[in-house]
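# Everything below, folded, please.
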Amino acid sequence: MSVNLLERIERDLDNIGELWDVDVLGSDLDRIWQKLSSLKTQFGVQKSLQDAVDLLRQQQDGMPLRDQRAMRVKRLIEFVFGKKIRKGFRHMQLRDLDCDVLKFLGLSYSIEEIVKMENAAFELLRTRVPEFFHCRKLSHLLYRPDIDKAVDATVNGDHDDDGSYENFFQDHTTARLESHKRKFDAVESDGASDEKAGPSQGQTPTGPDHTTTRLQRYKRKFDAVESDGAADERPRPSQEKEKAVESDGAADEKAGPSQEGEKTAELAKYGDVFILSLKDAQYALSLGEKVSEIFLTTPLTADECGKRPSFLTAWLTEDFGQSLSIRGQQLKL
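The predicted structure follows:
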C-alpha cells in the first residue's frame, strides 16, 4: 500500500466525525454502522495476519520465532487433520487451504482464537487469507528450522483417513525441497562470484586456510542454519565392521540354494529392511538435522537383469529411523 493511499484513508476516517453535526435518519446511521462494523472485523483479522508477517520478516532465518510461535503451527495441523471429535466444522473448512497458507494461519492465530472467532471474521479469514499471503510472496519465509520441525512432529499423529493430511504433507515436502534448492543455489552463486573477484577486489590470499574456497564456507554456514545447530549425527560404523559386511556379502554371492536359510539369518542380524514410498524418501533426505551423511553407490557388476542401478545410502538418527519404519513396508528377508 502506498503512503498516499494510507494518508487518504486516514483523512476519510477523520471526516466520519462530522456526522455528529448532521441531522440524518436513523436508518442512514444504521447503514453506515454496518459498514464500520464490517471494516472493524476486516482490520482485526488483517492486524493479526500483519503481525505474523512482521514476525517472519524481522526474525533471522536460523533463529526460532519468539514465544514458541512455531508450536502453534503443529497444534493447528493436528486440529485440522486429526481424528479427534470436535464441535463444529471449522477444522474441515480449513482443509481447503493450501499447505503454506495453513502454516501461516497457525502463526497468526491460536486454536482457541479460531474456535471462538465470530462467523463473519472466520469467513473473512478463510476466504481472504490466501490472497493476503500470496500477494505478499511469503512462502520462502516459512521454510525455517523451527517451523519445519513443528510440521515433522505431526507425522506420527492420528489423522483422518480421507487423505487430506497426506496431500498436505506431500505439498510441504515438495515446497521444502524447492526452498532448500533455491537457498543453496543462491549461496553457490554468491560463492562463485566471490571466487571470480580475485585479488583485485582486495581478497589477497594469506595463510594456510586459503585452500578452502569462499563457496565451501558459505555452504557450511547454510548447512548450519538448516540444522539449527542441533544436528544429531549418527556415528559411522568402524572400518572393521565395514570389512566384515563386505566379506559377508562376498560369501553370500558364493552361497548355493542349500545355504539360503543361513543367508537370511546372516542378513537379519543387521536389522530390519523397509520399503519407503518416494514421498517419504524425499521427506527424509530433506531433513539436514536428521541425516548425517549420504552415500551414492555405482555398482561395478550387473544385476540378474544385466543392469547396474545406482543407489543411495543415508545415515539417519535412531529416533527418525524408527518413525520412518512405521510409515514403511517391512521387507521379509
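# any idea how far the strand or helix carrying Arg176 is from the chain center?
Element membership of Arg176, judged by DSSP states H and E, is helix 164-197. Centre-to-centre, helix 164-197 and its host chain are 11 Å apart (CA atoms, centre = their mean, to the nearest Å).
# packing partners for it?
The contact analysis (3 or more CB pairs under 8 Å, 6 or more residues apart in numbering; DSSP states H and E) places helix 164-197 against helix 70-81, helix 99-108, helix 139-142, helix 145-152, helix 214-227, helix 278-285. Placement of C-beta: from N, CA and C, glycine included.
# ok, and which of these has the densest surroundings?
Of all those, helix 99-108 has the most neighbours on average by mean count of other CB atoms under 10 Å, namely a mean of 24.
# Now do that one against helix 145-152, angle only.
In terms of direction (axes from the mean of the first three to the mean of the last three CA atoms, to 10 degrees), helix 99-108 departs from helix 145-152 by 110 degrees.
# So what's the gap between helix 99-108 and the chain middle?
Distance, stretch centre to chain centre, for helix 99-108: 11 Å (CA atoms, centre = their mean).
# Tell me the helix or strand right after it.
Proceeding N to C from helix 99-108, the next assigned helix or strand is helix 111-116, under DSSP H and E.
# Quick check: buried residues in that following helix?
Of the residues in helix 111-116, 111, 114 count as buried by neighbour count, 16 or more other CB atoms under 10 Å.
# What is the helix or strand containing Lys47 packed up against?
Applying DSSP H and E as the criterion places Lys47 in helix 26-58. Contact analysis of helix 26-58 by 3+ CB pairs under 8 Å, 6+ apart lists helix 99-108, helix 119-135, helix 139-142 as its packing neighbours.
# cutoff 7 Å now
Other helices and strands packing on helix 26-58, by 3 or more CB pairs under 7 Å, 6 or more residues apart in numbering; DSSP states H and E, are helix 99-108, helix 119-135.
# who's in contact with the longest one?
This points to helix 119-135. Here helix 119-135 makes contact (CB atoms under 7 Å, 6 or more residues apart in numbering) with 41-42, 44-45, 49, 90, 93-94, 97-98, 100-101, 104-105.
# Which among the residues you listed count as buried?
Neighbour counting with 16+ other CB under 10 Å marks 41, 45, 49, 90, 94, 97-98, 100-101, 104-105 as buried within the contacts of helix 119-135.
# these two touch, right, Ser139 and Asp100?
Yes: using CB atoms under 7 Å, Ser139 is in contact with Asp100, at 4.8 Å.
# Overlap in contacts, the two.
Counting by CB under 7 Å, 6+ apart, the residues touching both Ser139 and Asp100 are Ala175.
# Might one say that Val80 is in contact with Met92?
No: using CB under 7 Å, Val80 makes no contact with Met92, being 8.2 Å away.
# Need the residues touching each of the two.
Residues touching both Val80 and Met92 (CB under 7 Å, 6+ apart): there are none.
# average pLDDT for the helix holding Arg176?
Helix 164-197 comes out with an average pLDDT of 78.
# Kindly report the same for stretch 310-318.
Mean pLDDT, computed over stretch 310-318, is 80.
# Could you pull out the buried residues of that stretch?
By 16+ other CB under 10 Å, the buried positions in stretch 310-318 come out as 314-317.
# Which two of those residues have the greatest separation?
Greatest spacing in the buried residues of stretch 310-318, by CB to CB: Ala314 and Thr317 (10.7 Å).
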